[in-house]
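Colleague: Sequence and predicted model, in that order:
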Amino acid sequence: MDPRSTQEPAPDEAAQRLLAERAERIRRPPQSLDEERVLPVAEFPVGDERYAIPLAQLLETVVLQSVTPVPLASPSIVGIFRYHGRIITVLSIASLLGVRGWRTDPAVLLIVDRGGGEVVALDCERVPVGISLPLSLVEVARAGAREADVEIQVADGVVRLLDVPRLISQRLPGR
């Protein structure tokens, strides 16, 4: 072979088969991921904890602005907000969860479906991140749950999955 040549010799037939098998194996998703069903959620911090709500309940995130305070309202009620021509209640998720405070001031509102056609907003420090939780772990955690949040152990820590309708009905007086 000429040392000045930049081309490598073509692999023999056995090497070509091996490379083709490896390429096929890389293209296939791992079986465990292929078979595992997941629950897509929106994850966000509240204080030092990680919380999430099912993406099916999250309608939109909007910048926290133009919230009108409601005099003599429960401490869990931040105020009211105009959303697509409707007036909706803005709730303090930290207050509902019993967390003393935020690491930073809330910057966004999570517009969520509370069920039964009712929409509410929850204040949040930042825009949530979409992640997936293994449905098998979610089902096990929810099976005996009495509270509105359940702990799901994930590779990088614990995520507390919220049931928004249950959270509001359990922790907000008169709801």
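Modeller: Received, thanks.

Colleague: switch to C-alpha atoms for all contacts and neighbour counts from now on
Modeller: Will do.

Colleague: residue contacts, the spatially closest residue to Ser92 that is not a sequence neighbour?
Modeller: Nearest residue to Ser92, sequence neighbours excluded (C-alpha to C-alpha, 6 or more residues apart in numbering): Ser76, at 5.1 Å. Counting by C-alpha atoms under 8 Å, 6 or more residues apart in numbering, Ser76 touches Leu91, Ser92, Ile93, Ser95, Leu96, Leu172.

Colleague: Who wins on neighbours among those?
Modeller: Most neighbours among the contacts of Ser76, by other C-alpha atoms under 10 Å: Leu91, with 24 neighbours.

Colleague: Dig out what that residue forms beta bridges with.
Modeller: For Leu91, the beta-bridge partners under DSSP bridges are Ile77, Leu122.

Colleague: The spatially most central residue of the chain and Val67, how far apart?
Modeller: For the chain, the residue sitting closest to the mean C-alpha position, by C-alpha atoms, centre = their mean, is Ala42 at 1.7 Å. In this view, Ala42 and Val67 are 23 Å apart by C-alpha to C-alpha, to the nearest Å.

Colleague: Scan the helices and strands of the chain for the one with the lowest mean pLDDT.
Modeller: Across the helices and strands of the chain, mean pLDDT, DSSP states H and E gives its lowest value to helix 31-35, namely a mean of 52.

Colleague: After that helix, which helix or strand is next? Please name it.
Modeller: Per DSSP states H and E, the first helix or strand lying C-terminal to helix 31-35 is strand 38-46.

Colleague: any idea of the mean pLDDT for that next one?
Modeller: Across strand 38-46, the average pLDDT comes to 93.
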